[in-house]
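J.: I'll drop the sequence and a predicted model, then ask my questions.
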Amino acid sequence: MARIFKESRNNYGTRKLKKALANLSEPKQVSRRRIGQFMHEMGLVSNYTVAQYKPHKLTCNEAPIKNELQRQFNQDEQLAVIV
C-alpha cells in the first residue's frame, strides 16, 4: 500500500488506494477505514486532504462588535435608529 501511495506522488487517499488494491494482479479487499488506519500508522498524508471542521471560539450570541442598542429596537420617530 505504501508503494502505491508513493507511486501516486502522495496524491492517493483512501478511496483511490482501495481501487488500486482491488486492481492488483492479486486483488486485496480492504475497507477504507482500515486503509485510513494503515495510512495514519505509517504517517502517510495525501496532498489533497479536506480541511477538518474546527469549532468557533466565540459562541453564537457573543459578537466582537460592541452592542450599542442593547437590543432595544423601539424608536419614537421613524428612522431615528438605523442599524
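T.: Thanks, I have it.
J.: need the pLDDT of Y53.
T.: If you check Y53, the pLDDT there is 80.
J.: phi, psi of T14?
T.: phi -70, psi -40 (degrees, to the nearest 10).
J.: residue numbering should commence at 57 henceforth.
T.: Right, with 57 as the first residue, what we last looked at is T70.
J.: and it, what does it touch?
T.: 88-89, 91-92, 95 (CB atoms under 8 Å, 6 or more residues apart in numbering). To be clear about C-beta, it is placed using only N, CA and C from the backbone, and glycine gets the same treatment.
J.: now, of these, which are buried?
T.: 91, 95 (16 or more other CB atoms under 10 Å).
J.: just send the contacts of T70 back as JSON lines, with pLDDT, secondary structure and distance to G69 too.
T.: As requested, these are exported to JSON lines (pLDDT from 0 to 100; DSSP: H, G, I helix; E, B strand; the rest coil; distance: CB to CB, whole Å):
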{"residue": "R88", "pLDDT": "95", "secondary structure": "helix", "distance to G69": "9"}
{"residue": "R89", "pLDDT": "96", "secondary structure": "helix", "distance to G69": "13"}
{"residue": "I91", "pLDDT": "96", "secondary structure": "helix", "distance to G69": "9"}
{"residue": "G92", "pLDDT": "95", "secondary structure": "helix", "distance to G69": "9"}
{"residue": "M95", "pLDDT": "95", "secondary structure": "helix", "distance to G69": "8"}
